[in-house]
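# Here's my sequence, what's the structure:
(2 chains)
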Amino acid sequence: MSERPDKTDPQLLPGWSSLVILLSLFAVISGGVMVAILRGEEAHVTPDTGGVHAHGPADFPEIEFDVQLPSAVVEAVGSEQAGGFNVPPPPFSEDGIFPCSDCHVDLDVDPEPRELMMHEQIQINHGPKDRWCLDCHNADDRDHLRLANGTLVGFDESYKLCGQCHGTIFRDWREGIHGRRQGYWNGAKSYLLCAHCHDPHAPAFKPIKPLPPPVRPRFLASGASAEQTDAAPATGQEH
Amino acid sequence: MGSKKPAISRRAFVAGGTTAMTAIASGLAGASPSFVEQMLRQRFVELSPEDLERITSEMERDYLQKYGKECNVGTSKAQPGVLFGYALDLSRCVGCRRCVYACVNENNQSRDPQIHWIRVLQMDKEKGIELTESDPYYDPELVPEPDSFYMPVACMQCRNPPCVKVCPVEATWQEPDGIVVIDYDWCIGCRCCMSACPYGARHFNWAEPTVASEELNPDMHYLGNRVRPKGVVEKCTFCIHRVREGRYPACVEICPVGARKFGNLLDEEGEIRYLMREKRVFVLKEDLNTQPKFYYFYAT
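Numbering: from 1, shown residues only, chains lettered A, B, ... in the order given. Okay, here's the model as predicted:
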């Protein structure tokens, strides 16, 4: 109690200096972290990761982004056909393969599943293992498909054949819920056949390559400056 | 009271002030009349048809000068009896991002710095719709990946849009056909709307947008895809220049799996109403009461 003057302990002095050292250390480290955060640590992103470079639609000339309307839709605009199904012709594997009767008219019908001499590129992967050509193709008139009840339908109406098993999807397609549409939301629009998107012999949708991801925020500015420095000489020459 | 009437009427004062400001502005700006007019322009909704005609033809002239391309800046109004609705089939989307780039191609977004109106989120099938764990930067060789599903997100065209509520200058509003639009010449770039939007659908032009002239889409709309100036906010407009002419939005037509559906919500026989009756439909962040007109559904 009476030792108040002794409170200025001589040991306090080294304590103060160590506090100063600790504080300055802390300041340096946190400053470094702040700089790293603000600059965006590119080292954290592996080089093959997406989202570093900006890509535009012009980088993919193989994709037609300016969708041209099918001629059936263009013709149907404003006419009475506007509400109907504007279905493009069926997609045959090669030109001249239809009509099938050109070849098949002289051939005998062999209903037995076997290794084919012709059409060997067709791999059947559709439903049950014992699926065979004549389940859908008509044996006596090869230019038509045959429904389960014996009705013949043309290749341009193949959706009737598919709809026999895939009834819910057929209904959705008819109402405009399933499948790709192009044209006018309030008028003429294209209806694709099932076979335009699904190979009837192996209908599962094939995986495709995705277009590149968006630029990550940390690369937005740097990417822009890099592009601008590249582009600057070119524009300079033009003017 | 009458004797205290000021020598200059309010009208004269305001008129004189405006003239003086115009004079100052033209002096400062090197007397470019279009610049002065741009500064004194009214909001889109207040412009007379004649003013609109004049302004859009000026824009077309500017674009011809800048891009060497004949452009058409439309100002078409909403069709009566139409409320646009959009639906996206999550059971079909494969995450190929064709829609993202078709949108950029259609709507003249800045290529670099890059602006995308559509963002496709990859999600884990086991976890379901979990936004916090979704990944917009997925980049595998092939999509769809077996354990993932994909959720494209763009402007939800809310019936109760928080972005419109917060705009301090009324530069963004909802049109009668339900499209939330922005007047780029009235936007002050405060970005309040961006922070109000719970879907991250609004994007800011931090730099002068860059679009190569051969990539410029000349079919434009005043409230849609005309070239934006620097410092304004932009977002999806359901391709307003297309849908008001009856066409589908660009993303609908490009989708290779037909996952995107578009139509009139007031048409009971239309495809949107059909799927709302027949399918499992939901909206994103329903609990926020934004009441989107963009629906997600599962067809199977």
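# got the contact list for the residue in chain B that chain A sits nearest to?
Distance from chain A to each residue of chain B (CB to the nearest CB) is smallest for residue B:139, at 3.3 Å. Bear in mind the C-beta positions are built from the backbone N, C-alpha and C, glycine included. With contacts defined as CB atoms under 8 Å, 6 or more residues apart in numbering or on different chains, residue B:139 is in contact with A:49-51, A:210, A:212-213.
# By neighbours, which of these wins?
residue A:210 (24 neighbours; other CB atoms under 10 Å in any protein chain shown).
# Find the nearest non-adjacent residue to it, please.
Leaving aside its chain neighbours, residue A:210 sits nearest to residue B:143 (4.6 Å; criterion: CB to CB, 6 or more residues apart in numbering or on different chains).
# Need the phi and psi values for the one you found.
Backbone torsions of residue B:143, given as degrees, to the nearest 10, read phi -120, psi 160.
# Briefly note if the helix or strand hosting residue B:57 comes near chain A.
Counting by DSSP states H and E, the element that carries residue B:57 is helix B:49-67. No - residues of helix B:49-67 contacting chain A under CB under 8 Å from any CB of the partner chain: none, with a closest distance of 12.5 Å.
# In CSV, list the C-alpha atoms belonging to that helix.
Taking Å, rounded to 0.1, in the frame of the first residue of the first chain, the C-alpha atoms of helix B:49-67 are listed here in CSV:
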residue,chain,number,x,y,z
PRO,B,49,-43.5,9.9,-79.6
GLU,B,50,-41.8,12.6,-81.6
ASP,B,51,-39.0,13.0,-79.1
LEU,B,52,-38.5,9.2,-79.0
GLU,B,53,-38.3,9.1,-82.8
ARG,B,54,-35.7,11.9,-82.8
ILE,B,55,-33.7,10.3,-80.0
THR,B,56,-33.6,6.8,-81.5
SER,B,57,-32.7,8.1,-84.9
GLU,B,58,-29.8,10.0,-83.3
MET,B,59,-28.8,6.8,-81.5
GLU,B,60,-28.9,5.0,-84.9
ARG,B,61,-26.7,7.6,-86.4
ASP,B,62,-24.2,7.4,-83.5
TYR,B,63,-24.0,3.6,-83.8
LEU,B,64,-23.5,3.9,-87.6
GLN,B,65,-20.7,6.2,-86.9
LYS,B,66,-19.1,4.1,-84.2
TYR,B,67,-19.7,0.6,-85.5
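# on contacts alone, who are the packing partners of that helix?
strand B:72-74 (3 or more CB pairs under 8 Å, 6 or more residues apart in numbering or on different chains; DSSP states H and E).
# what residues are up against the residue most central in space within chain A?
Nearest residue to the geometric centre of chain A (CA atoms, centre = their mean): residue A:210, 5.5 Å. By CB under 8 Å, 6+ apart, residue A:210 lies in contact with B:95-97, B:138-140, B:142-143.
# So in chain A, which helix runs the longest?
Taking DSSP state H as the criterion, chain A has its longest helix at helix A:12-39.
# after that one comes which helix or strand?
The first helix or strand that comes after helix A:12-39 along the chain, using DSSP H and E, is helix A:71-76.
# list the helices and strands the helix or strand that comes right after that following helix packs on?
Once the chain leaves helix A:71-76, the next helix or strand it forms, by DSSP H and E, is helix A:101-104. Here helix A:101-104 touches no other helix or strand, going by 3+ CB pairs under 8 Å, 6+ apart.
# Contacts for the following helix or strand past helix A:101-104 next, please.
With elements assigned by DSSP H and E, the helix or strand that comes after helix A:101-104 is strand A:145-146. Outside strand A:145-146, the residues that touch it by CB under 8 Å, 6+ apart are A:136-139, A:152-155, A:158, A:161.
# any chance of those in TSV, plus pLDDT and neighbour count?
Rendered in TSV, the data for the contacts of strand A:145-146 read as follows (pLDDT from 0 to 100; neighbours: other CB atoms under 10 Å in any protein chain shown):
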residue	pLDDT	neighbour count
A:136	92	19
A:137	91	17
A:138	90	17
A:139	87	12
A:152	93	13
A:153	93	16
A:154	91	11
A:155	90	19
A:158	91	19
A:161	94	23
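# what's the most distant pair in those?
A:139 and A:158 (17.1 Å; CB to CB).
# Contacts only, for whatever residue of chain A ends up closest to chain B.
Residue nearest to chain B within chain A (CB to the nearest CB): residue A:50, separated by 3.3 Å. Residue A:50 is in contact with A:212-213, B:137-139, counting by CB under 8 Å, 6+ apart.
# which stretches of chain B form helices?
B:10-28, B:33-39, B:49-67, B:98-107, B:162-166, B:192-196, B:240-243, B:250-254, B:271-278.
# Looking at those helices, which is nearest to residue A:186?
Per CB to CB, nearest to residue A:186 of the helices of chain B: helix B:240-243, 9.3 Å.
# now check that closest one, is it near chain A?
Yes - using CB under 8 Å from any CB, helix B:240-243 reaches chain A at residue B:243.
# Which residues outside that helix are in contact with it?
Helix B:240-243 has contacts (CB under 8 Å, 6+ apart) with A:185, B:74, B:76, B:84, B:106, B:179, B:181, B:219-221, B:223-225, B:248-250, B:262.
# are any of these buried, and which?
Buried members of the contacts of helix B:240-243, counted by 16 or more other CB atoms under 10 Å in any protein chain shown: A:185, B:74, B:84, B:106, B:179, B:181, B:219-221, B:223-225, B:248-250, B:262.
# where are the low-confidence patches of chain A?
A:1-14, A:39-48, A:80-86, A:222-239 (pLDDT under 70).
# what's the domain layout of chain B?
B:10-74, B:78-300 (automatic domain parsing).
# export these to JSON lines and tack on mean pLDDT?
Shown next, in JSON lines, are the domains of chain B (pLDDT from 0 to 100):
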{"stretch": "domain B:10-74", "mean pLDDT": "78"}
{"stretch": "domain B:78-300", "mean pLDDT": "95"}
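# closest one to residue A:199 among those domains?
domain B:78-300 (14.2 Å).
# Any idea what the residue lying closest to residue B:226 once chain neighbours are set aside is bridged to?
Spatial nearest neighbour of residue B:226, chain neighbours left out: residue B:220 (4.2 Å); criterion: CB to CB, 6+ apart. With DSSP bridges applied, residue B:220 shows beta-bridge pairing to residue B:73.
# Tell me the spacing between residue B:220 and residue B:184.
11 Å (CB to CB, to the nearest Å).
# Can you pull the residues that touch both of the two?
Shared contacts of residue B:220 and residue B:184 (CB under 8 Å, 6+ apart): residue B:226.
# about what we covered before: farthest pair within the contacts of residue B:139?
Among the contacts of residue B:139, the pair separated by the greatest distance (CB to CB) is A:49 and A:210, which sit 14.0 Å apart.
# For the closest residue to residue A:127 other than its chain neighbours, which three-state class applies?
Nearest residue to residue A:127, sequence neighbours excluded (CB to CB, 6+ apart): residue A:165, at 7.5 Å. Classification of residue A:165 using DSSP: H, G, I helix; E, B strand; the rest coil returns coil.
# same question, the one 4 residues further on
Three-state call for residue A:169 (three-state DSSP): helix.
# got a list of what the nearest residue to it once chain neighbours are set aside touches?
With sequence-adjacent residues excluded and distances taken as CB to CB, 6+ apart, residue A:169 is closest to residue A:178, at 5.3 Å. By CB under 8 Å, 6+ apart, the contact set of residue A:178 is A:169, A:172, B:258, B:299.
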